[in-house]
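Asker: Return atomic coordinates for the entry below.
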Amino acid sequence: MELPPRSPDGSEQCPRGAELAASSTGSTLCISSSRSESVWTGAPRSRWDIYHKPLIVVAVGAAIFLFGVVITSLACFLSKHKKVYKMSGPAFLSLGLMLLVCGLVWIPIIRKKQKQRQKSQFLQSLKSFFFNR
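Answerer: As a prediction, the model looks like this:
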């Protein structure tokens, strides 16, 4: 019985049907012989599975941004520790705004990739229909 190939240090195993490739560092890498299964299985994914990461980034960014607004407004009303509020408030504002914008930009990118994936699957099905006759 044949054992699956192991990495040079013996810690990892390559899946069956995978090919070995030597990298420039001399170690071997496991390269799968087929494309990612998630692209070709056609199993429908829910909207939460698709958009959960950017939605979490947007939510965290909005929370940090609002926290920055509160900290900045405290600098206007409280005289004690005013320098700390003036320094940390804008830092939270900028960090929150950065995360908020990154998440909001990420959503259209995912939509575009989904459309490209649907076109690719449609073309693959047409190709298999005409060439597998």
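
Asker: in this structure, which spans are helices?
Answerer: 37-40, 47-77, 82-131 (DSSP state H).

Asker: And the second one, what does it pack against?
Answerer: Meaning helix 47-77. For helix 47-77, the packing partners by 3 or more C-beta pairs under 8 Å, 6 or more residues apart in numbering; DSSP states H and E come out as helix 82-131. Where C-beta positions appear, they are placed from N, C-alpha and C, glycine not excepted.

Asker: Rounded mean pLDDT for the helix it packs on, please.
Answerer: Average pLDDT, helix 82-131: 90.

Asker: tell me the angle that helix makes with helix 47-77.
Answerer: Relative orientation of helix 82-131 and helix 47-77, computed by axes from the mean of the first three to the mean of the last three C-alpha atoms, to 10 degrees: 160 degrees.

Asker: list the helices and strands helix 82-131 packs on?
Answerer: So helix 82-131, by 3+ C-beta pairs under 8 Å, 6+ apart, packs with helix 37-40, helix 47-77.

Asker: need these in a markdown table with mean neighbour count, can you?
Answerer: Below are the helices and strands packed on helix 82-131 laid out as a markdown table (neighbours: other C-beta atoms under 10 Å):
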| stretch | mean neighbour count |
| --- | --- |
| helix 37-40 | 11 |
| helix 47-77 | 15 |
